[in-house]
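J.: My questions concern the predicted model and sequence given below.
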Number of protein chains: 2
Amino acid sequence: MDTFDVTILGCSSATPAYGRNPSSQLVRYSGHHFLVDCGEAAQMQLRRYSIKFQRINHIFISHLHGDHFLGLPGLLSSMHLLGRTEPLHIYAEEGLKQILDTTHHNSRTTLQYPLVFHAIDMTKANMLYEDEKLTIRSIVMKHSIPCCGFIFEEKPHKRRLLKEQLEKYNIPLAKMETLKKGEDFINGEGKIITNDLLTLPPHHARKYSCCSDTIYNEDILPEITKSDLLYHEATFTEEFRDRAKQTMHCTAKDAANIALKAEVNKLLIGHFSARYRELEPLLHEAKEVFSNTYLAEEGTTFNVESNVTVNG
Amino acid sequence: MDTFDVTILGCSSATPAYGRNPSSQLVRYSGHHFLVDCGEAAQMQLRRYSIKFQRINHIFISHLHGDHFLGLPGLLSSMHLLGRTEPLHIYAEEGLKQILDTTHHNSRTTLQYPLVFHAIDMTKANMLYEDEKLTIRSIVMKHSIPCCGFIFEEKPHKRRLLKEQLEKYNIPLAKMETLKKGEDFINGEGKIITNDLLTLPPHHARKYSCCSDTIYNEDILPEITKSDLLYHEATFTEEFRDRAKQTMHCTAKDAANIALKAEVNKLLIGHFSARYRELEPLLHEAKEVFSNTYLAEEGTTFNVESNVTVNG
C-alpha cells in the first residue's frame, strides 16, 4: 500500500502562541511531498522534523491571510540558496504571485529554479493536480476572503489478480488488464470464467480532505463525504461561538458536526486561537459529537487509512 | 543609569539552521524598544523571550535580503490583531514599502494602527532618530545590495551636580542648568566658584554600533570608533575566506580586526553560515585578534557598558 499521511507543521490561527506555529502541513503520498499552506517559520518546522524540503514540488495555499502563506518567501529562498534546480509548482489565489514577484524584485532575488504559478479560480471547485494514482482538487470554502480547501484522493484501484487462479485457468498475459477492470474471461472453448474467480475486489481508494478557514458550511459535505481523514479548522470553543461567527471561523463542535454529517472516518482539528493555552477543551467538545477526533498537534503524523475492510 | 542593552533574537545567515533563526535583535534604551532587522520568525522569538512586542515603536531594517526582513509582515499582522493603535515607524530601503503594500493589499489587510515608513537613503549616512537622550544613525555598509548599519549613541551627558557643595556655596536653583554645562558660578560678591567644586564630570555617553552584512570595510572605522559594543557580522571562518569575499561577507577574523582598529570595548559576532553546527571555531578565530569577543547567541542579552571610568 502506498504511503499516504499528513504531518502537522503548524496548528495556530492568526497569531502564533504558546510555541504553536501558524498553519502548514505536509501531505506525503507514494514518494511525493505536498505542502498545504506555509505559515511563517514553516521552513524551520520542516527542518525540526527532519523533512527534506527540496522534495516538495507542489505547494497549495488555501488563502492569502498571512498565517497561511508568510513562510513561503523564506522557504523559496532557502530552496534557492541550497541549490534547487527542480521546478516548484505553487497553487494559490493570483495575488500571491504579485506578493512573490514584488518581494523577489525588491530583494534582488532571481530564483535559480523555475517557479510555476497556478492561479486558482477561488469561485469554484478545480482539478489542480493529477497523476496516475492521485488527484488533488480545490473546493470553495466560506471565509472572510476567498479561500479553498483541498481534496487528496486516490484514483479507484483496480481489482487484484489471484495469481494461482490465473495459472489454474491458464489465462494469457494479454488479458490481465481487462481482468483488473472487472471483465470476465472467455476461454478458447467459449467457456466463461467469471471475474470473481480470478480477482479480489480493489483496495479502498483513500481520501484526505483538508478544510482550512471557513464558517460552518454544509455545502462542502458532498465533496468531503466519506473521507478517510478530514482536517477541519476549529478555531474556538463553544464559549466563543459569537467570535467564531464574527471572524468567519468554526468551533470545535462545528467541525465535529461536519465530520459526522460527511461520514468521515477520522477528524483532525486545528487552527487554534491564541487564547487557548491548553487544547483539551477543544478536543473534548469535538469528541462529544464525533468521537474519532484528534488534535492536529505539531510534529504529529496521521495516516490516511480507512476503516473499510475489503474481502481478501 | 539608563538601561541600554541588546537581546539577540536571531543569529543565522541566509538559511536558518541548527535551530538558529535569521537576523533580528532588540535594542532597549531607557524604556524604548528598538528592533534591528526582522528575519522570519522574529515574532516567535520575541514571544519566546517574553518581550512585549507592542512596546516596539521603531523598526530598522539593514537591507532587503530575506533573512533580514521576512518576519516583518507577520509581526505587523500580530501587532494589528492584538489591538495595537500606536504608530509604528519603519526605517528601511524604499522597496520594503512596496513589499508591505503589496502583501497587505493582496491579503486584504488594513492595519488599524499608523505605519510610518521612513525610506533610508542607502548611499550615505543619515540621522534616523533623535530624542532628548539618544540618536540613531545609519551608515553605509558594503554588500551585494544596498545595506546600512545602525549606530545607537547617547547624547553627551551633562555634568553631575554635587548637592552638598551647592548648599555650601548657596547656589540659586536658577543656575543649575548652567553648572551642568560646565560654567563657573559668580556669587553676589563677585567671587568665582569654579565648576569643578560644584560638579562631577558627566557619565560616559555610550555607543552601540550594529554592522550587518558587509565585506571587510575600514571606511566604517571613523563612524564606529570607540563603540562600547560593536555587533559585526562574521559569517565564515578563515577556511571559507574565498566564499566570504564572493558573497560579500566577513570572516570572524575580519570582524575582530575591525573591532581592534575601531578601538571598541566589546565585540559581538553573528550572522553565522548554515555550514556551522558548532560556533566555537568562529569565536576562537575572532578572539585570537580581539579577546573581548562574544557570540551573538539567541536569547542572550548584552549590556552596552563602557570600560571607561569617570571620576566619582
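T.: Sure, I can see it.

J.: in chain A, what spans have low per-residue confidence?
T.: When residues are selected by pLDDT under 70, those of chain A lie in A:308-312.

J.: Around chain B, pick out the residues from it.
T.: Near chain B, the residues belonging to chain A are A:14-17, A:19, A:21-22, A:40-41, A:43-44, A:47-48, A:64-67, A:69-71, A:73-74, A:77-78, A:81-82, A:93, A:95-96, A:98-99, A:102-103, A:105-109, A:144-145 when assessed by C-beta under 8 Å from any C-beta of the partner chain. Quick note: C-beta positions are derived from backbone N, CA and C, even for glycine.

J.: List only buried entries from the residues you listed.
T.: For those, a neighbour count by 16 or more other C-beta atoms under 10 Å in any protein chain shown gives the buried set as A:14-17, A:21-22, A:40-41, A:43-44, A:47, A:64-67, A:69-71, A:73-74, A:77-78, A:81, A:93, A:95-96, A:99, A:102-103, A:106-107, A:109, A:145.

J.: Among those residues, which are located in helices?
T.: With helices taken from DSSP state H, the overlap with these comprises A:43-44, A:47, A:73-74, A:77-78, A:81, A:95-96, A:99, A:102-103, A:106.

J.: Can you pull the domain assignment for chain A?
T.: Per the record's domain assignment (automatic domain parsing), chain A is made up of the domains A:4-157+A:203-303, A:160-200.

J.: ranking these by burial, who's on top?
T.: Mean neighbour counts were compared across these using mean count of other C-beta atoms under 10 Å in any protein chain shown; the top stretch is domain A:4-157+A:203-303, at a mean of 20.

J.: helix, strand or coil for the most far-flung residue of chain A relative to its centre?
T.: Within chain A, the residue lying farthest from the chain centre (C-alpha atoms, centre = their mean) is A:E189, at 49.9 Å. Secondary structure for A:E189, judged by DSSP: H, G, I helix; E, B strand; the rest coil, is coil.

J.: Look up how far A:N170 lies from it.
T.: Noted for A:E189: a distance of 11 Å to A:N170, by C-beta to C-beta, to the nearest Å.

J.: can you check A:Y18 too?
T.: Separation of A:Y18 from A:N170 (C-beta to C-beta): 66 Å.

J.: Extract the C-alpha trace of stretch A:173-191 and format it as PDB.
T.: The C-alpha coordinates for stretch A:173-191 follow below in PDB (Å, rounded to 0.1, in the frame of the first residue of the first chain):
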ATOM      1  CA  LEU A 173      -0.800 -12.400 -20.000                       C
ATOM      2  CA  ALA A 174      -2.500 -10.100 -22.500                       C
ATOM      3  CA  LYS A 175      -5.800 -10.400 -20.600                       C
ATOM      4  CA  MET A 176      -4.600  -9.100 -17.200                       C
ATOM      5  CA  GLU A 177      -5.600  -5.500 -17.700                       C
ATOM      6  CA  THR A 178      -9.100  -6.400 -18.700                       C
ATOM      7  CA  LEU A 179      -9.400  -8.700 -15.600                       C
ATOM      8  CA  LYS A 180      -8.200  -5.900 -13.400                       C
ATOM      9  CA  LYS A 181     -11.100  -3.800 -14.800                       C
ATOM     10  CA  GLY A 182     -13.600  -6.500 -13.800                       C
ATOM     11  CA  GLU A 183     -14.300  -8.200 -17.000                       C
ATOM     12  CA  ASP A 184     -14.900 -12.000 -17.200                       C
ATOM     13  CA  PHE A 185     -12.600 -14.200 -19.300                       C
ATOM     14  CA  ILE A 186     -13.800 -16.400 -22.100                       C
ATOM     15  CA  ASN A 187     -11.500 -19.200 -23.000                       C
ATOM     16  CA  GLY A 188     -10.900 -20.900 -26.300                       C
ATOM     17  CA  GLU A 189     -13.800 -23.300 -25.800                       C
ATOM     18  CA  GLY A 190     -16.200 -20.400 -25.300                       C
ATOM     19  CA  LYS A 191     -16.500 -21.100 -21.500                       C
END
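
J.: give me the element A:N257 is part of.
T.: Element membership of A:N257 [criterion: DSSP states H and E] is helix A:252-261.

J.: So what touches that helix?
T.: Counting contacts by C-beta atoms under 8 Å, 6 or more residues apart in numbering or on different chains, the residues outside helix A:252-261 that touch it are A:211, A:216-218, A:220-221, A:224, A:230, A:232-234, A:236-238, A:244, A:250, A:267, A:269, A:282-283, A:285-290, A:293.

J.: Next up, the contacts around the residue farthest from the centre of chain A.
T.: When contacts are counted by C-beta under 8 Å, 6+ apart, A:E189 is found next to no other residue.

J.: Would you map the helices across chain A?
T.: Using DSSP H, helices in chain A cover A:42-48, A:72-81, A:95-106, A:163-168, A:176-180, A:195-198, A:221-224, A:241-246, A:252-261, A:280-289.

J.: want to throw those into TSV with distance to B:N126?
T.: Compiled in TSV, these are given as follows (distance: least, C-beta to C-beta, whole Å):
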stretch	distance to B:N126
helix A:42-48	33
helix A:72-81	27
helix A:95-106	20
helix A:163-168	79
helix A:176-180	73
helix A:195-198	81
helix A:221-224	56
helix A:241-246	44
helix A:252-261	52
helix A:280-289	50
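
J.: Figure out which of those is closest to B:F152.
T.: For the helices of chain A, proximity to B:F152 was assessed by C-beta to C-beta; helix A:95-106 is nearest, at 26.1 Å.

J.: check contacts around the residue in the stretch 101-250 of chain A positioned nearest to chain B.
T.: For the stretch 101-250 of chain A and chain B, the shortest gap (C-beta to the nearest C-beta) falls at A:N106, measuring 3.2 Å. Contacts for A:N106 (C-beta under 8 Å, 6+ apart) come out as B:L64, B:E93, B:G95, B:L96, B:Q98, B:I99.

J.: List just the nearest of those to B:K158.
T.: Nearest member of these to B:K158, counting by C-beta to C-beta, is B:E93, at 36.6 Å.

J.: Tell me how far the closest one lies from A:N292.
T.: 52 Å.

J.: can you check A:L166 too?
T.: For A:L166, the distance to A:N292 (C-beta to C-beta) stands at 39 Å.

J.: same check, this time on A:Y169
T.: Taken as C-beta to C-beta, the spacing of A:Y169 relative to A:N292 amounts to 42 Å.

J.: same thing with A:E263?
T.: A:E263 is 11 Å from A:N292, where distance means C-beta to C-beta.

J.: repeat for A:L162
T.: The spacing between A:L162 and A:N292, counted by C-beta to C-beta, is 33 Å.

J.: re the thing from before, got the contacts of A:N106 as TSV, with distance to A:M176 columns?
T.: Listed next are the contacts of A:N106 as TSV, based on distance: C-beta to C-beta, whole Å:
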residue	distance to A:M176
B:L64	59
B:E93	65
B:G95	61
B:L96	62
B:Q98	60
B:I99	57
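
J.: A:F34 reaches A:F152, doesn't it?
T.: Yes: because the distance of 7.4 Å satisfies C-beta atoms under 8 Å, A:F34 is recorded as touching A:F152.
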